[in-house]
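[1] I would like to see how this sequence folds:
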Amino acid sequence: MASTKTQANYGYCESFFVESYDDTDGIFARAAAERERSRAMSKVQQRHMAADLSRLTSEEYLNDVLDHMEVMEAETMPDINSIEIQTEIQWFMRPYLLDFLLEAHHAFQLLPETLFLAVNLLDRYCSKRVVYKRHYQLVGCASLLIAAKYGDRKERVPTIKELKSMCCSLYDDDMFTQMEWHVLQTLNWIVGHPTVTGFLEIALNETSADTEVQNMATYISEMALYHKDFIPVLPSVMARSSLALSRYVLGRAQVNQPEWAARYDANVVMDLSNQLARPSQALFRKYSSSHLSNVATTLEQFLQRQSMMQAQQTVSQQPYPSPAQSTLDVQQVSGAMMTPQTPQKHVYAAVPIGVLTPPETPEKDFYDNPTYNVNQNLMHRLHACTTVNSAQNVQSYPYSSYPTSYPSQ
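    Got it, this is the predicted structure:
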């Protein structure tokens with residue numbers, strides 16, 4: 001009774017050592033639930049206040065941030081003329097390496113901007129150093145590793161062991177470390193580069209756009225990575241141009257306001273439209289998934305409709321076309337819509353799991369031979385991944401032999 005009178009006079013105590021003989025109505029349980037509810041409401045209010053402050057701050061400094069990003073993108077652009085004079089690296093090798101980086105990026109579930117940053121680091125390194133064909137994939141892996149460490153989640157950064165496995169153990173562990181260090185040293189440790197993804201976010205915040213438009217713009221921007229003509233294009237221009245083209249493909253209204261997002265380059269849009277016909281198969285599979293709005297399938301259907309409309313218009317302009325002539329015209333028009341094309345790898349009937357791309361970039365004539373046996377090529381790749389001795393193929397060309405291109409051991 002004394003304990004009950006004490007609680008009545010001084011209120012309820014939360015201490016474990018105070019006995020309670022009159023808790024039949026669950027007073028303490030209701031009080032604890034009320035406190036938890038009030039704490040949860042306070043956290044929600046704090047998050048809303050933080051979001052509002054962040055939005056107000058971003059709107060206030062948006063112009064300054066945008067100006068800084070445009071200055072940075074101009075300072076961290078690769079030089080295509082320097083890449084042109086590479087002795088062993090040829091442009092037809094680029095789709096092979098980008099397919100490998102795309103599949104590795106998708107396997108590790110990295111952020112979209114990591115892929116654009118990795119390609120930028122790769123092109124900037126090739127602009128300043130002589131790269132040999134046997135080291136081309138090694139430079140790509142080092143660029144992807146640096147980009148993931150720079151802006152991605154720590155738990156998703158690929159390890160050297162995983163990258164070595166993807167390269168079929170063609171390179172040793174220390175070669176990844178040396179190449180990573182040499183890329184950073186060559187670029188003077190300037191890794192930050194405003195990517196297309198960052199400019200897309202700013203453009204989408206200024207204008208109303210749904211997720212499908214965003215995925216389509218990213219798909220077109222990644223498609224442009226495969227073509228050398230878009231290497232000199234600034235990421236800000238690429239973001240606005242791909243966004244304008246994606247709105248046209250999806251039938252969305254264009255932004256006519258005098259905003260930054262509406263100032264796209266018509267020439268870049270035209271060049272992008274000429275490259276939509278046949279993307280890389282790896283890129284097409286990636287954007288055919290439902291969580292990316294199936295934009296690859298949507299774009300393919302759009303191109304088919306455009307081809308049919310152009311074929312019908314061509315046929316209607318002829319006064320008396322014969323059936324043979326009509327069929328020929330349709331084939332010619334559909335063939336014209338398919339050019340220019342991204343260089344494609346051969347599609348094999350069965351590809352072993354884990355073998356993403358050839359560990360060494362093949363010669364051009366090797367794949368252009370029409371009498372090439374697919375089964376023999378598949379067995380050759382399997383044999384190369386299991387029996388290639390890295391000391392014979394790589395270590396016989398030590399870095400010390402090429403002091404202008406790679407660090408000495």
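[2] Number of residues surrounding residue 60?
    10 (other Cβ atoms under 10 Å). (Glycine included, C-beta is placed from N, CA and C.)
[3] Quick check, pLDDT for it.
    pLDDT for residue 60: 72.
[4] and the gap between it and residue 232?
    According to Cβ to Cβ, to the nearest Å, residue 60 stands 33 Å off from residue 232.
[5] For residue 89, give its distance to residue 177.
    Distance from residue 89 to residue 177, by Cβ to Cβ: 22 Å.
[6] Comparing those two, which shows the higher neighbour count?
    residue 89 (20 against 13).
[7] Need the nearest residue in space to the more buried one, chain neighbours excluded.
    Nearest residue to residue 89, sequence neighbours excluded (Cβ to Cβ, 6 or more residues apart in numbering): residue 131, at 5.3 Å.
[8] Got phi/psi on that neighbour?
    Note on residue 131: its backbone torsions stand at phi -110, psi 130 [degrees, to the nearest 10].
[9] That one contacts residue 83, correct?
    No: counting by Cβ atoms under 8 Å, residue 131 does not reach residue 83; the two are 9.2 Å apart.
[10] which residues do these two both contact?
    Common neighbours of residue 131 and residue 83 are listed as residue 89 (criterion: Cβ atoms under 8 Å, 6 or more residues apart in numbering).
[11] Show me where the stretch 251-400 of the chain dips below the pLDDT cut-off.
    257-258, 261, 318-400 (pLDDT under 70).
[12] what about 90?
    Counting by pLDDT under 90, the stretch 251-400 of the chain shows low-confidence ranges at 251-266, 269, 273-281, 289-295, 299, 301-400.
[13] now swap in the stretch 1-150 of the chain and tell me
    1-71, 73-74, 87-89, 107.
[14] in it, which spans are helices?
    2-10, 27-60, 62-75, 80-84, 94-107, 112-128, 136-151 (DSSP state H, counting those that start in this stretch).
[15] For those helices, could you give me TSV that also reports distance to residue 165?
    Listed next are these as TSV, based on distance: least, Cβ to Cβ, whole Å:
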stretch	distance to residue 165
helix 2-10	67
helix 27-60	41
helix 62-75	34
helix 80-84	29
helix 94-107	11
helix 112-128	18
helix 136-151	11
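[16] For residue 278, find the nearest of those.
    Between residue 278 and those, the shortest separation by Cβ to Cβ is 11.1 Å, and it involves helix 94-107.
[17] coming back round to it: compare the helices of the stretch 1-150 of the chain and report which one is nearest to residue 247.
    helix 112-128 (19.2 Å).
[18] Summarise which helices and strands the closest one is packed against.
    Judged by 3 or more Cβ pairs under 8 Å, 6 or more residues apart in numbering; DSSP states H and E, helix 112-128 is in contact with helix 80-84, helix 94-107, helix 136-151, helix 173-186, helix 196-206, helix 211-224.
[19] Make CSV out of these and add distance to residue 269.
    As requested, the helices and strands packed on helix 112-128 are exported to CSV (distance: least, Cβ to Cβ, whole Å):
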stretch, distance to residue 269
helix 80-84, 20
helix 94-107, 22
helix 136-151, 27
helix 173-186, 33
helix 196-206, 14
helix 211-224, 10
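[20] Can you say which of those helices is nearest to residue 253?
    Of these, nearest to residue 253 by Cβ to Cβ is helix 211-224, at 10.8 Å.
[21] got the angle between the helix or strand following that closest one and helix 211-224?
    The element immediately downstream of helix 211-224 (helix or strand, assigned by DSSP states H and E) is helix 235-250. Relative orientation of helix 235-250 versus helix 211-224 (axes from the mean of the first three to the mean of the last three Cα atoms, to 10 degrees): 120 degrees.
[22] So which bits of helix 235-250 are buried?
    In terms of neighbour count (16 or more other Cβ atoms under 10 Å), helix 235-250 has its buried residues at 235-247, 249-250.
[23] try stretch 165-177
    Buried residues in stretch 165-177 (16+ other Cβ under 10 Å): 166, 167, 168, 170, 171, 175, 176.
[24] Which of the helices and strands packed on helix 112-128 sits closest to residue 29?
    Comparing the helices and strands packed on helix 112-128 by Cβ to Cβ, helix 211-224 comes nearest, at 43.9 Å.
[25] quick one: buried residues of that closest one?
    Here helix 211-224 shows 212-224 as buried, counting by 16+ other Cβ under 10 Å.
[26] With stretch 192-203 instead?
    Buried-residue list, stretch 192-203, by 16+ other Cβ under 10 Å: 193, 194, 195, 196, 197, 198, 199, 200, 202, 203.
[27] For the fourth one, give its distance to residue 243.
    For residue 196, the distance to residue 243 under the criterion Cβ to Cβ works out to 10 Å.
[28] just to revisit the earlier point, out of the buried residues of stretch 165-177, which one sits closest to residue 67?
    Taking these together and measuring to residue 67 by Cβ to Cβ, the closest member is residue 176, at 37.0 Å.
[29] what's the burial count for the nearest residue to the closest one once chain neighbours are set aside?
    Nearest non-adjacent residue to residue 176, counting by Cβ to Cβ, 6+ apart: residue 160, 4.7 Å away. Residue 160 is flanked by 18 other residues according to other Cβ under 10 Å.
[30] Quick check: phi and psi on residue 160?
    phi -60, psi -40.
[31] Return the residues in contact with it.
    145, 173, 176, 177.
[32] pLDDT score assigned to the second one?
    In the predicted model, residue 173 carries a pLDDT score of 88.
[33] check contacts around it.
    Neighbours of residue 173 in contact, by Cβ under 8 Å, 6+ apart: 160, 161, 164.
[34] Now render those as TSV, adding pLDDT.
    Formatted as TSV, the entries for the contacts of residue 173 read as follows, by pLDDT from 0 to 100:
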residue	pLDDT
160	91
161	91
164	90
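[35] about what we covered before: check contacts around the residue nearest to residue 89.
    With Cβ under 8 Å, 6+ apart, residue 131 has these contacts: 86, 88, 89, 125, 139, 405.
[36] The second one and residue 132 touch, don't they?
    Yes: if you go by Cβ under 8 Å, residue 88 and residue 132 touch, sitting 5.3 Å apart.
[37] more neighbours, these two?
    Neighbours per residue (other Cβ under 10 Å) separate residue 88 from residue 132, with residue 132 holding more: 16 against 13.
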